[in-house]
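Engineer: dropping a prediction and its sequence here:
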Amino acid sequence: MSKLDKGRKWIWWFLGTIAAMQLYFVRELLAAFAIFILGFAVIGVCIATLYMAQKTWEAGVAQAAASRNPVLLAVRRSVASVEDLARRPIRRPDSQPVS
């Protein structure tokens, strides 16, 4: 009878060890899953922040372009004149080519 009790005791120890190991693995998997969730959340927040910053910049530039503020009009005229100077050839058209 005592041999049967010892066998049961070892069977229960074995089953308890297997259950504890399974719970440990489940905890490890849940911890890894939580780390992945946090990582993807951080990446998503960074992407959303960059997207919102770009859209805010786009709206601000569009509003500045549509503005009739005298300072912005002067800036626009100066940029246009610099672009016009950049389009002109450096040498006169009838000058001799460089040899």
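Structural biologist: Yep, it's here. Please read these numbers as outputs of a predicted model, since none were measured by experiment.

Engineer: please work out the average pLDDT along whichever strand or helix holds Trp13.
Structural biologist: Assigned by DSSP states H and E, Trp13 belongs to helix 2-66. On average, the pLDDT along helix 2-66 is 91.

Engineer: beyond that helix, next helix or strand please.
Structural biologist: helix 70-87.

Engineer: now the angle from that next one to helix 2-66?
Structural biologist: Using axes from the mean of the first three to the mean of the last three Cα atoms, to 10 degrees, the direction of helix 70-87 lies 90 degrees away from that of helix 2-66.

Engineer: list the buried ones in helix 70-87?
Structural biologist: For helix 70-87, a neighbour-count test (16 or more other Cβ atoms under 10 Å) marks nothing as buried. In short, each C-beta sits where N, CA and C put it, glycine included.

Engineer: alpha carbons only: can I get that helix in PDB?
Structural biologist: Extracted C-alpha coordinates of helix 70-87, given in PDB (Å, rounded to 0.1, in the frame of the first residue of the first chain):
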ATOM      1  CA  PRO A  70       2.800  92.700 -47.300                       C
ATOM      2  CA  VAL A  71       5.800  90.900 -45.800                       C
ATOM      3  CA  LEU A  72       4.900  87.600 -47.500                       C
ATOM      4  CA  LEU A  73       4.200  89.400 -50.800                       C
ATOM      5  CA  ALA A  74       7.700  91.000 -50.600                       C
ATOM      6  CA  VAL A  75       9.300  87.600 -49.900                       C
ATOM      7  CA  ARG A  76       7.400  86.200 -52.800                       C
ATOM      8  CA  ARG A  77       8.600  89.000 -55.100                       C
ATOM      9  CA  SER A  78      12.200  88.500 -54.000                       C
ATOM     10  CA  VAL A  79      12.100  84.800 -54.500                       C
ATOM     11  CA  ALA A  80      10.700  85.300 -58.000                       C
ATOM     12  CA  SER A  81      13.400  87.800 -58.900                       C
ATOM     13  CA  VAL A  82      16.100  85.400 -57.600                       C
ATOM     14  CA  GLU A  83      14.600  82.600 -59.800                       C
ATOM     15  CA  ASP A  84      14.600  85.000 -62.700                       C
ATOM     16  CA  LEU A  85      18.300  85.800 -62.200                       C
ATOM     17  CA  ALA A  86      19.000  82.100 -61.900                       C
ATOM     18  CA  ARG A  87      17.400  81.400 -65.300                       C
END
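
Engineer: if anything else comes up later, I'll come back, but that's it for now.
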